[in-house]
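# what would the 3D arrangement of this be:
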Amino acid sequence: MGKRVFLVRHAKALKRQEWKGDDCKRPLTKEGKEEFKEFLNWLKPVFPKKAKVISSPCERALETAKIISALFGYNLKVEDSLMPDSEPEEYEEVVKKYRGNLILVGHEPDLSLFLNYLTCISPAKLAFKKGAVAEIRKSKGKWKLFALYTPSSLLR
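This next block holds a predicted model:
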């Protein structure tokens, strides 16, 4: 199996209107952290033994990335090119920069746009909810959506 790339939207954070100050410093809620940990435990068999977690520097994404790193023992790197409002090409550069399996932790609509950029799946057809995990794989030179998991699918 070739390189596996997982796109992860940060877990539930405080709502914008509940937060004063720099939006990049907006943290996850306690409920968001707990729900995401439960979701990851359920998803454990899906993740590879070795991977690197690459996160947006914004607090809500970084907290999400730290949960993943701690649970799976993956190394964590921060990339400014995964900040909110990043272009798909910036995400692509991150994928090219690192070897091996990757877990990119970022924001919407950037993740949907990047997924569309690679796979031509319309962002309107996907529900990239908070805490969602999409796995994409490259096959015969083309990226394909392999799976999309959402916390709500587990909690139902």
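
# relative to residue 14, how far out is the residue located most distally from the centre of the chain?
Ranked by distance from the centre of the chain (Cα atoms, centre = their mean), the top residue is residue 20, with 24.8 Å. Distance of residue 20 to residue 14, computed by Cβ to Cβ, to the nearest Å: 10 Å. (Glycine included, C-beta is placed from N, CA and C.)

# hmm, residue 59 and residue 27 touching each other?
Yes - with contact defined as Cβ atoms under 8 Å, residue 27 counts as touching residue 59 (5.1 Å).

# more crowded one of these two?
Using other Cβ atoms under 10 Å as the criterion, residue 27 and residue 59 rank with residue 59 on top: 18 against 15.

# on that earlier part again, tell me the pLDDT of the residue farthest from the centre of the chain.
What the model reports for residue 20 is a pLDDT of 91.

# element containing it, please.
Taking DSSP states H and E as the criterion, residue 20 maps to no regular element, lying outside all helices and strands.

# how many neighbouring residues does residue 36 have?
Neighbour count for residue 36, taken as other Cβ under 10 Å: 24.

# what mean pLDDT does the one helix or strand it maps to get?
Using DSSP H and E, residue 36 sits in helix 30-43. Averaged across helix 30-43, pLDDT comes to 94.

# what comes up buried for that helix?
Buried residues in helix 30-43, defined by neighbour count with 16 or more other Cβ atoms under 10 Å: 32, 33, 35, 36, 39, 40, 43.

# on contacts alone, who are the packing partners of that helix?
For helix 30-43, the packing partners by 3 or more Cβ pairs under 8 Å, 6 or more residues apart in numbering; DSSP states H and E come out as helix 59-72, helix 151-155.
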